[in-house]
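Undergrad: Here's my sequence, what's the structure:
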Amino acid sequence: MKYLTWLVMCLIFLAGCESSGSRTGVDGEALFAQAGTAYVEKHYGEAAELFARSRSSFGSTPRSVEAAGWEGLSLLELGRLRQARAALEKGLRSGEPGVRARSAKGLARLLFAEGRYREAEAAYEKLGADYPGETDAAELLAARIEALEKGGEQSGADSLRRELNRKFPNSPYAKAITENVVEDGGDWYVVQAGAFNSIARARELQSKLCKIKVESFIAIRARNGESLYTVRCGSFRLKDGAIQRVRELSARGVEAVVVTENRNR
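TA: Next comes the predicted model:
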């Protein structure tokens, strides 16, 4: 009789544990669904909180890793880049290729948001190579073009733009981004942060820009028979792009001007 009582108590205990685990899973799924709705409706603060709660509810499960990835995307939309990076890096550890691809895409967007345009372009290219079945090739080409343009690498951007138009002529990304295709040469609009007679002073400014994560390069121009060292933060085919870049730099405390340069000469 004692043995039977003990067995029944054990079965009740196990059933209670299973029920509790089930309730936790249901709660997690409900939170996950609510978070997804909030994300689609662009309520990113609410989405981030709900994804975090669902992640905790799921415990150490693959679903928890997926929730972390979505939490990172929500935080990215809020501009909370450090927290977003931590969550997205958790998403990269998922066993599901789709979750990893989504998290990797988020990290590429994060690099772009930080102004690390060359790294962002490389991350988008790697994303397409690593997850060809989980990504939109036209979308990634468009993202790479934007990153190259932001980084002042207009010739590379134009090359990819032509590739996008050739490979995916009916893609909405091609329609949106190939409108400004131009040939080499002609006027370029250069964003210039400084011009010096000394290479040392130019490098000093470039070093200061690097410390605040502003990409730049030094171009040497001839003036009155002497070398002029110019520190540049991008060159653009369209003047609007250069003006926008100047505004972005001004917001970060960097004074820059737009200089027109004709490359047919």
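Undergrad: on contacts alone, who are the packing partners of whichever helix or strand A222 is part of?
TA: Secondary structure assignment for A222, by DSSP states H and E: strand 217-223. With contacts taken as 3 or more Cβ pairs under 8 Å, 6 or more residues apart in numbering; DSSP states H and E, strand 217-223 sits against helix 199-211, strand 226-236. For every residue, glycine as well, the C-beta is placed using N, CA and C.
Undergrad: Give me the helices and strands touching the longest one, please.
TA: In this case it means helix 199-211. strand 187-196, strand 217-223, strand 226-236.
Undergrad: Between strand 217-223 and it, find me the angle.
TA: 150 degrees (axes from the mean of the first three to the mean of the last three Cα atoms, to 10 degrees).
Undergrad: quick one on the thing from earlier: which among the helices and strands packed on helix 199-211 is found nearest to A113?
TA: For the helices and strands packed on helix 199-211, the distance to A113 is smallest for strand 226-236, at 16.6 Å, taking Cβ to Cβ.
Undergrad: The closest residue to F58 other than its chain neighbours in helix, strand or coil?
TA: Excluding the flanking residues, the one nearest F58 by Cβ to Cβ, 6 or more residues apart in numbering is S64, at 3.8 Å. Here S64 takes the helix state, with states given by DSSP: H, G, I helix; E, B strand; the rest coil.
Undergrad: change the start of the numbering to 30 and stick with it
TA: With 30 as the first residue, the last one maps to S93.
Undergrad: gap between S93 and R84?
TA: 5 Å (Cβ to Cβ, to the nearest Å).
Undergrad: Which one's more surrounded, the two?
TA: Set S93 next to R84 and count neighbours by other Cβ atoms under 10 Å: R84 wins out with 25 against 18.
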